[in-house]
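# sequence first, then the predicted structure:
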Amino acid sequence: MVQELNIQEILARFNHALEQEILMRKVKLPYACCLSTEGTDGFPNARFVSLKEIRDEHFIITGTLTSRKGVEISNNEKVALTFWWPETQQQVRIQGIARLLAGTWPDHYFSERNRESQIVSVVSNQGEELTDPEELTRRFDEIAGDITAQEMKRPQNWGAYAIAPVRIEFLVFSESRFHDRTLFTLHNGRWSAIKLQP
Ligand SMILES: Cc1cc2nc3c(=O)[nH]c(=O)nc-3n(C[C@H](O)[C@H](O)[C@H](O)COP(=O)(O)O)c2cc1C
């Protein structure tokens, strides 16, 4: 049976599920999720990233724009984000369209990073071959040790993506394998929900 709803109700379910996980969580990083993109060689490519927030109904992620994920998103904006929350035994699968954020948003998210992470973003050419680890550490120490240094400037190739969801599936794991699955789909501007067989 198809049920119609709005995106706020679906995101409220997402936020509720995440809050439950955070309450029960003994380990860190509840915001870690697997970002899947289409590789330029046709292979699917997946890696973990951190969800920064949900803003204006978009899932926000950040990172280097010139590494594989950035190149792949610029080739194909269709991406997937997958969460597994072990404490509450829930999986959330999101498919959506990734758009590069412009204006002051990238600077905003960069300023939220701690200084060490900012320095690594500046000194590291993410994804390039590491031929001289000591040089990388030396450059890190040089910036980190400079007490006169001002606020770190965001590298031009560091940015943020807003992912507009088109499909969101919640699965509550069951030992019986009768997992509870609900699929929300956006079609012609309207969200609808159906239950899926486990
Ligand atoms: C838990 C976790 C969180 C991560 N968060 C991010 C992130 O928010 N942004 C990012 O660019 N990389 C993050 N990484 C590193 C990525 O997994 C990946 O190594 C990096 O983005 C390079 O991927 P690419 O070569 O496909 O661009 C994270 C890794 C882990 C294990």
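Looks like it arrived, so ask away.
# please list the residues of this structure that sit near the ligand.
Taking CB under 6 Å from any ligand atom as the contact definition, the chain meets the ligand at 29, 32, 47-50, 61-64, 67-69, 126-127. Just so you know, the C-beta spots here come from the backbone N, C-alpha and C atoms, and that holds for glycine as well.
# just the closest of these to residue 172, please.
residue 32 (19.2 Å; CB to CB).
# got the contact list for that closest one?
Going by CB atoms under 8 Å, 6 or more residues apart in numbering, residue 32 touches 48-51, 83.
# re earlier: got a quick PyMOL command for the buried subset of the residues of the chain next to the ligand?
Here is the PyMOL selection string for the buried members of these, based on 16 or more other CB atoms under 10 Å:
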select buried, resi 49+61+62+63+64+67+69+126
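# filter the residues of the chain next to the ligand down to just the ones in strands.
Among those, the residues falling in strands (DSSP state E) are 32, 47-50, 61-64.
# so can I have JSON lines of the residues you listed showing distance to residue 15 and pLDDT?
Below are these laid out as JSON lines (distance: CB to CB, whole Å; pLDDT from 0 to 100):
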{"residue": "32", "distance to residue 15": "16", "pLDDT": "93"}
{"residue": "47", "distance to residue 15": "24", "pLDDT": "98"}
{"residue": "48", "distance to residue 15": "20", "pLDDT": "96"}
{"residue": "49", "distance to residue 15": "19", "pLDDT": "97"}
{"residue": "50", "distance to residue 15": "16", "pLDDT": "95"}
{"residue": "61", "distance to residue 15": "17", "pLDDT": "97"}
{"residue": "62", "distance to residue 15": "20", "pLDDT": "97"}
{"residue": "63", "distance to residue 15": "23", "pLDDT": "95"}
{"residue": "64", "distance to residue 15": "28", "pLDDT": "95"}
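# out of the residues you listed, which one sits closest to residue 167?
Among these, and counting by CB to CB, the member closest to residue 167 is residue 61, at 17.2 Å.
# show me what the residue nearest to the closest one when sequence neighbours are not counted bridges to in the sheet.
Nearest residue to residue 61, sequence neighbours excluded (CB to CB, 6 or more residues apart in numbering): residue 49, at 4.9 Å. Listed by DSSP bridges, the beta-bridge partners for residue 49 are residue 33.
# quick one: buried residues of stretch 172-180?
173, 179.
# give me the contacts around that stretch.
Residues from elsewhere that reach stretch 172-180 (CB under 8 Å, 6+ apart): 88-91, 170-171, 181, 195, 198.
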